[in-house]
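[1] just coords:
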């Protein structure tokens, strides 16, 4: 019985951690959207900033991956 | 030992999305202990990545043709792409690290793409592998920073443009973010690859239910397409972050 | 911490129940040594293959191509320069030929004009000579004619006088005729 409660906690925690992936998706969308808005205003400067775009996306996405990892750890490793 | 256990479970909707990441010896039984020298599926797929790289860059450019063949052209494009990235992001004086960065980039790129083959093993999905890669970058950057700039490298943590009162706090934040770098660097790559492969496996599990199997197959196709993109982008991101860190080491002033 | 150890016991219990299948292969620490070893081997091989063979070769090919392109461009530039020069020379030659031809035409024209002038002068002179001669002849003829007319008139006068029964000496008749015809 005690184990069942622990498992319940694990699964609820994993589900909650999964929300983080969605939040990271919002962040990545913000980065890409703002880049596009800026690029449309000044297309000539956009080409040189794609590296910055990818770095920004990577930083935003890494946190989502962290939350995903927490979910996985809760599901499989704890 | 994990696979043995799963072999016994039968029937119903069973997900084992992480079984694809199990390291097991190529020869002998699945449950045999894995020593450091054991030839495992990791060995196989890393060797394939090495062979692919050698095939592309050594045999592809064997002709040294002025008008390149298709294979040589691919190699030249990758060379030019990486060279330009190192030059643009890390600066001209980082060119001497170009072979190092190129090696990392090519290994990650080929490991990612080979891992996308059905029934293959994604070596870059393992935190041990990506952690070694990220630590290699971290150590290189730190050592290069101190060798090049001496104690001046610590200026990276001392934000001279900030108000004096804020500087110690910023220094602590910078220090923490500096040491978190290898963690995020490795988990970003490993987590992305692992997540993609696990999600594909989860949808593959849904395909066992007849009613939703067409949807599952379509989803697998769509996610596979996304994973092809992610495999390239993550290799690119790992490399470009390496260049960014290298730039910090060569020019630590903010 | 306490709960963790407690959980550890529970895990051990239900880990056995689930046959240990729940662990993440990524956290299977017993395989880390193996992965790291083979990763280092792979990276070292890739690094040496790339830095000793592949990258210098590709850099050489790219540099060679760049050199070839530069050379070709320079050669093309040179050829273009030559073509421009050739065109210039052609134009020069054309202009020379044209002026030469003009000169020849002018010379010929002048020569012909001179010939023509000479011929014309000669012809004019001849014509003038002929005219003078003719005029002289005409004058002689006219003079001749006048004398004849006088003769005729004298004879006629003599005959008329004879017929009328007058005799007149020749001198008187002649002077009379002359006086008349003079007027």
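    Alright, I've got the coordinates. Here the structure is a predicted model, which means the values were calculated and not measured.

[2] my guess is residue B:213 meets residue B:203, correct?
    No - Residue B:213 is beyond contact range of residue B:203, at 10.0 Å (criterion: CB atoms under 8 Å). C-betas here are computed from N, CA, C, even on glycine.

[3] More neighbours: these two, which one.
    Counted by other CB atoms under 10 Å in any protein chain shown, residue B:213 and residue B:203 do not tie: residue B:203 has more neighbours, with 22 against 14.

[4] Which phi and psi values does residue B:110 adopt?
    With angles defined as degrees, to the nearest 10, residue B:110 sits at phi -70, psi -40.

[5] so the closest residue to it other than its chain neighbours is in which element?
    Distance criterion CB to CB, 6 or more residues apart in numbering or on different chains; nearest residue to residue B:110, sequence neighbours excluded, is residue B:49 at 4.2 Å. Take DSSP states H and E as the rule and residue B:49 turns out to sit in helix B:41-54.

[6] Closest to the centroid, which residue in chain C?
    Nearest to the mean C-alpha position of chain C, counting by CA atoms, centre = their mean, stands residue C:91 at 5.2 Å.

[7] How many neighbouring residues does residue 42 have?
    You didn't pick a chain, so chain A it is. Neighbour tally, residue A:42, other CB under 10 Å: 9.

[8] That was the other one, I meant chain C.
    Neighbourhood size, residue C:42 [other CB under 10 Å]: 25.

[9] Report pLDDT for the residue lying closest to residue A:73 once chain neighbours are set aside.
    Spatial nearest neighbour of residue A:73, excluding adjacent residues (CB to CB, 6+ apart): residue C:24 at 7.1 Å. If you check residue C:24, the pLDDT there is 80.

[10] rewinding a little: go ahead and confirm the residue nearest to residue B:110 touches residue B:123.
    Yes - Residue B:49 sits in contact with residue B:123 when judged by CB under 8 Å, with a separation of 7.3 Å.

[11] who touches both of the two?
    With contacts taken as CB atoms under 8 Å, 6 or more residues apart in numbering or on different chains, residue B:49 and residue B:123 have residue B:111 as neighbours in common.

[12] which of the two has more neighbours?
    More crowded of residue B:49 and residue B:123, by other CB under 10 Å: residue B:123, with 31 against 24.

[13] Contact partners for that one?
    By CB under 8 Å, 6+ apart, the contact set of residue B:123 is B:42, B:45-46, B:49, B:111, B:115, B:129, C:35, C:39.

[14] For chain C, give me its nearest residue in the stretch 151-254 of chain B.
    The nearest approach of the stretch 151-254 of chain B to chain C comes at residue B:194, 6.8 Å away (CB to the nearest CB).

[15] neighbours around that residue, how many?
    28.

[16] What strand or helix carries it?
    Assigned by DSSP H and E, residue B:194 belongs to helix B:167-206.

[17] now that helix, how far from the centre of its chain.
    Centroid separation for helix B:167-206 versus its chain: 11 Å, with CA atoms, centre = their mean, to the nearest Å.

[18] With stretch B:137-144 instead?
    Its chain's C-alpha centre and that of stretch B:137-144 lie 17 Å apart, by CA atoms, centre = their mean.

[19] residues in contact with it?
    B:97, B:100, B:104, B:181-182, B:185, B:242, B:245-246, B:248-250.

[20] ok, which residues in chain A are in contact with chain B?
    Contact residues (CB under 8 Å from any CB of the partner chain) of chain A with chain B: A:51, A:54-55, A:57-59, A:61-62, A:65-66, A:68-69, A:72, A:76.

[21] got the residues you listed as JSON lines, with pLDDT, secondary structure and neighbour count columns?
    Below are these laid out as JSON lines (pLDDT from 0 to 100; DSSP: H, G, I helix; E, B strand; the rest coil; neighbours: other CB atoms under 10 Å in any protein chain shown):
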{"residue": "A:51", "pLDDT": "84", "secondary structure": "helix", "neighbour count": "16"}
{"residue": "A:54", "pLDDT": "87", "secondary structure": "helix", "neighbour count": "17"}
{"residue": "A:55", "pLDDT": "86", "secondary structure": "helix", "neighbour count": "18"}
{"residue": "A:57", "pLDDT": "88", "secondary structure": "helix", "neighbour count": "18"}
{"residue": "A:58", "pLDDT": "84", "secondary structure": "helix", "neighbour count": "24"}
{"residue": "A:59", "pLDDT": "84", "secondary structure": "helix", "neighbour count": "16"}
{"residue": "A:61", "pLDDT": "85", "secondary structure": "helix", "neighbour count": "23"}
{"residue": "A:62", "pLDDT": "83", "secondary structure": "helix", "neighbour count": "21"}
{"residue": "A:65", "pLDDT": "85", "secondary structure": "helix", "neighbour count": "23"}
{"residue": "A:66", "pLDDT": "86", "secondary structure": "helix", "neighbour count": "19"}
{"residue": "A:68", "pLDDT": "85", "secondary structure": "helix", "neighbour count": "23"}
{"residue": "A:69", "pLDDT": "84", "secondary structure": "helix", "neighbour count": "21"}
{"residue": "A:72", "pLDDT": "83", "secondary structure": "helix", "neighbour count": "22"}
{"residue": "A:76", "pLDDT": "78", "secondary structure": "helix", "neighbour count": "19"}
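
[22] of all those residues, which two lie farthest apart?
    Within those, two members stand farthest from each other by CB to CB: A:51 and A:76, at 35.4 Å.

[23] that older thread, and the residue of the stretch 151-254 of chain B closest to chain C, what does it touch?
    Residue B:194 sits next to A:72, B:21, B:122, B:125, C:26 when contact means CB under 8 Å, 6+ apart.

[24] what's near enough to touch the residue in chain A that chain B sits nearest to?
    Using CB to the nearest CB, residue A:65 is the residue of chain A that sits closest to chain B, at 3.6 Å. Under the criterion of CB under 8 Å, 6+ apart, the contact list for residue A:65 reads A:24, B:187-188, B:191-192, B:195.

[25] Which of those residues ranks first by neighbour count?
    Scoring the contacts of residue A:65 on neighbours with other CB under 10 Å, the highest-scoring entry is residue B:192 at 27 neighbours.

[26] Please read off the pLDDT at that one from the model.
    pLDDT for residue B:192: 90.

[27] hey, where'd the helices end up in chain A?
    In chain A, helices defined by DSSP state H lie at A:2-41, A:43-46, A:50-72, listed in chain order.

[28] want to throw the ones you listed into CSV with distance to residue C:31?
    Output for the helices of chain A, formatted as CSV (distance: least, CB to CB, whole Å):
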stretch, distance to residue C:31
helix A:2-41, 24
helix A:43-46, 44
helix A:50-72, 17
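
[29] hmm, back to that, which element is the residue nearest to the centre of chain C on?
    With DSSP H and E as the criterion, the answer for residue C:91 is helix C:55-163.

[30] Could you do residue B:160 as well?
    Assigned by DSSP H and E, residue B:160 falls outside every helix and strand.

[31] Report how many residues lie close to it.
    Quick note: residue B:160 (other CB under 10 Å) scores 9 neighbours.

[32] what's the neighbour count on residue B:96?
    A count of nearby residues for residue B:96, using other CB under 10 Å, gives 8.

[33] Could you check how far it is from chain A?
    20 Å (CB to the nearest CB, to the nearest Å).

[34] Doesn't that residue belong to a helix?
    Yes - according to DSSP: H, G, I helix; E, B strand; the rest coil, the state of residue B:96 is that of a helix.

[35] Contact residues of chain B facing chain A?
    Contact residues, chain B versus chain A (CB under 8 Å from any CB): B:18, B:85, B:88-89, B:184, B:187-188, B:191-192, B:194-195, B:198, B:233, B:236-237, B:240-241, B:244.
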